[in-house]
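Trainee: Just need the structure, nothing else, for what follows:
(2 chains)
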Amino acid sequence: MPQINKKLITKCRAGDQKSQIQVYDLYCEAMYNVAYRYLGNEEDAKDALQDGFLKAFTRLNQFNDKFSFGSWLRRIIINQCIDKLKRVEIETIELDGDIEVLDDDNWDVDISITKEFILEIITQLPTKYQIVLKLYLIEGFDHLEISTILEIPLKTSRTHLRRGKLKLKELLKETRNEARSKRVV
Amino acid sequence: MKQDLRELFKETDLSEKKLPMSHREEFIKKLSQKRHNNEKKLSSAYIANIAASILILCMLSYFLFYQNSNNQNEFTNKTFLETQVEEIENTYLKNIEKEWKNFLIVANDKNLIQRFEQKLEELDSDYQEISIKYKKEPNNILIIEELIDNLSTRLQLLKDIQEHIHILNEANV
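Mentor: Below you'll find the model as predicted:
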């Protein structure tokens, strides 16, 4: 993540366009990759990126040193993406038969599986699972952060993640078995 | 052999995607557009303010002129001026009441509500004092201005805090 000095932020806050463009140049690549991860489409990712930056500039007075500027900005960009993905889609979750609490902390998969392969499999899951898995694994957010970003109860965030993980593991297994059986034939 | 997914994602960076061409020009355009809109918004609010002030001044000078030219008939003039001030007062109080209700809906912080309640009460007690002065000198423009200032401060206070809450809620950070 690039570094940014306080002076530049102060200038942006005052509405100095040159400084704002400078900040955009510093962070646009990294933030574009974040947006692309959620939207999976170049045009949408670019729009979410730019609208997110505009939003961030108008809210700079809320930025404090508690976070790094990059992670503050990333939250705004992610929120922008989630808005685009329509929150409704994420909120509809059935909380029935919630018994798979066992093994909640087990994230083990076979060592031969690569990160790229997992990412590819994640994109095949339903959107609501995709989003929580990405927020948790890639961004490293905890449940409290995830539930605030998605505006869902903590419990729902846990359930999404647990089910998402199970689905991911199932799909990983299936895809590998298929590949293996093809090899045998 | 097993590996922990969480550890796997902690390690290296993910693949880099390049931004589409001309994204920078597009952003600069959006940035300028936004600034332009903001300036327009600001200036229209400014003009509205000036217009309101001029209106009040016109009204007051009309009252004074009217009164001077009809010194004999003081009773009717006084009521006319008073009804106007009363009308302004009522409109403000209605709006303040409305904004206060809105504020109670959006604010979920007891301390905040208490703080604002106190501020409004203070302004209200100031208002009562000015009102007493006004009753003694019902034609003093400065006193009438003080009254209106007090009311508009209350209204603005409520609008500002709601705007602030709104921004906070949207930001979610």
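Trainee: contacting residues around residue A:144?
Mentor: residue A:154 (CB atoms under 8 Å, 6 or more residues apart in numbering or on different chains). (C-beta placed from N, C-alpha, C; glycine too.)
Trainee: Local confidence estimate at it?
Mentor: At residue A:144, the model reports a pLDDT of 88.
Trainee: my guess is it is in a strand, correct?
Mentor: No. Counting by DSSP: H, G, I helix; E, B strand; the rest coil, residue A:144 falls outside a strand, being helix.
Trainee: and residue B:51, how many neighbours?
Mentor: For residue B:51, the count of nearby residues is 10 (other CB atoms under 10 Å in any protein chain shown).
Trainee: average model confidence for the helix of greatest length in chain A?
Mentor: Assignment by DSSP state H gives helix A:154-184 as the longest helix of chain A. The pLDDT scores in helix A:154-184 average 85.
Trainee: buried residues in that helix?
Mentor: Residues of helix A:154-184 classed as buried by neighbour count (16 or more other CB atoms under 10 Å in any protein chain shown): A:156-165, A:167-169, A:172, A:176.
Trainee: Equivalent analysis for stretch B:123-130, please.
Mentor: B:126-127, B:130.
Trainee: could I get those residues as JSON lines with secondary structure?
Mentor: JSON lines is the format used below for the buried residues of stretch B:123-130 (three-state DSSP):
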{"residue": "B:126", "secondary structure": "helix"}
{"residue": "B:127", "secondary structure": "helix"}
{"residue": "B:130", "secondary structure": "helix"}
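Trainee: Closest to residue A:31 out of these?
Mentor: Distance to residue A:31 across these (CB to CB) is lowest for residue B:126, with 49.1 Å.
Trainee: need the contact list for the nearest residue to residue A:172 once chain neighbours are set aside.
Mentor: With sequence-adjacent residues excluded and distances taken as CB to CB, 6 or more residues apart in numbering or on different chains, residue A:172 is closest to residue A:121, at 5.7 Å. Contacts for residue A:121 (CB under 8 Å, 6+ apart) come out as A:168, A:171-172, A:175.
Trainee: ok now the lowest-mean-pLDDT helix or strand in chain B, how far from the chain's centre?
Mentor: The helix or strand of chain B with the poorest confidence is helix B:23-69; it has a mean of 78 (mean pLDDT, DSSP states H and E). When distances are taken as CA atoms, centre = their mean, to the nearest Å, helix B:23-69 is centred 14 Å away from the chain's centroid.
Trainee: Output the contacting helices and strands for that helix.
Mentor: Applying 3 or more CB pairs under 8 Å, 6 or more residues apart in numbering or on different chains; DSSP states H and E, one finds that helix B:23-69 contacts helix A:17-39, helix A:42-58, helix B:74-106, helix B:141-171.
Trainee: Counting by contacts, list what the third one packs against.
Mentor: Right, the one you point to is helix B:74-106. helix B:23-69, helix B:110-136, helix B:141-171.
Trainee: if we can go back for a sec, now, which of the buried residues of stretch B:123-130 sits nearest chain A?
Mentor: Nearest to chain A among those: residue B:126, at 29.6 Å, using CB to the nearest CB.
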